[in-house]
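> My questions concern the predicted model and sequence given below.
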Amino acid sequence: MNIVKVGMADLNVASSPDKLRTTGLGSCVGVALYDKTTKIGGLAHVMLPSSTLNKGELNPAKYADTAIPKLVENMERKGANRKRLVAKMAGGSQMFTFSSSSDIMRIGPRNVEACKDALNKVGIRLLVEDTGGNWGRTIEIDCSTGILQVRTVNQGVKDI
C-alpha cells in the first residue's frame with residue numbers, strides 16, 4: 001500500500017490498496033471521487049472557484065471548474081466508469097475574518113459552491129461533505145473502501 005500525495009492545486013488517481021492524501025486544506029477544497037467496482041479513487045486539491053480568474057498558463061488542477069472534469073477524465077483513463085463515480089469533499093474554511101463583507105474574500109464558501117456546481121455539470125453525486133468552519137484539514141481517501149478520513153487539529157479524526 002502506497003500513500004500518493006496530492007499537493008496544492010494538484011490532482012491524482014490511484015487504485016486499491018493505495019491511498020490518496022492531501023494536507024493544508026484551509027479555504028481550499030479536497031474533492032475525492034470513487035468508483036467502488038474498480039476501486040479507483042481520485043483526489044483534487046482545488047484552490048480557487050473559477051478558471052476565469054486565471055492570468056497566464058492554466059493549471060487545470062487549481063480551479064474547481066477545470067479540476068473536476070480533468071480528474072474524471074484521468075480516472076476514466078485508468079478504468080473507472082463515470083456513471084459509478086461518487087464524490088466526497090472537505091475543506092472550504094473561512095480561515096480569516098474581514099471587516100468588509102465583500103464576497104471576494106469568501107474564498108472557502110465560494111470554492112465549496114464551485115465544486116458542487118462542477119460535480120453537477122459532470123453528473124456526479126456528492127454523498128457527503130465536511131466543509132466550512134475556520135480550521136484546516138488533512139484528508140485521505142482509501143481506494144480499498146472509498147472511506148474519506150478527515151483530520152483536524154481541534155476536531156479530531158472522522159471517517160466520512
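Done, it's in. Everything quoted here is computed from the prediction, not taken from an experiment. Numbers count the residues shown, from 1 in each chain.

> Phi and psi next, for residue 69.
phi -60, psi -40 (degrees, to the nearest 10).

> Need the per-residue pLDDT for it.
At residue 69, the model reports a pLDDT of 98.

> Then residue 55?
pLDDT at residue 55 comes out at 82.

> What ranges does the chain have for its helices?
For the chain, the helices defined by DSSP state H occupy 64-78, 107-122.

> which intervals of this structure have sub-threshold pLDDT?
96-105 (pLDDT under 70).

> tell me the contacts of the most centrally placed residue in the chain?
The structure's the chain has its C-alpha centroid closest to residue 31; by Cα atoms, centre = their mean the separation is 1.8 Å. Contacts here follow Cβ atoms under 8 Å, 6 or more residues apart in numbering; on that basis residue 31 touches 43, 44, 46, 64, 67, 68, 71, 87, 88, 89, 115, 119. (Glycine included, C-beta is placed from N, CA and C.)

> now the helices of the chain as JSON lines including distance to residue 136 and mean neighbour count?
What follows is these, written out as JSON lines (distance: least, Cβ to Cβ, whole Å; neighbours: other Cβ atoms under 10 Å):
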{"stretch": "helix 64-78", "distance to residue 136": "19", "mean neighbour count": "20"}
{"stretch": "helix 107-122", "distance to residue 136": "11", "mean neighbour count": "19"}
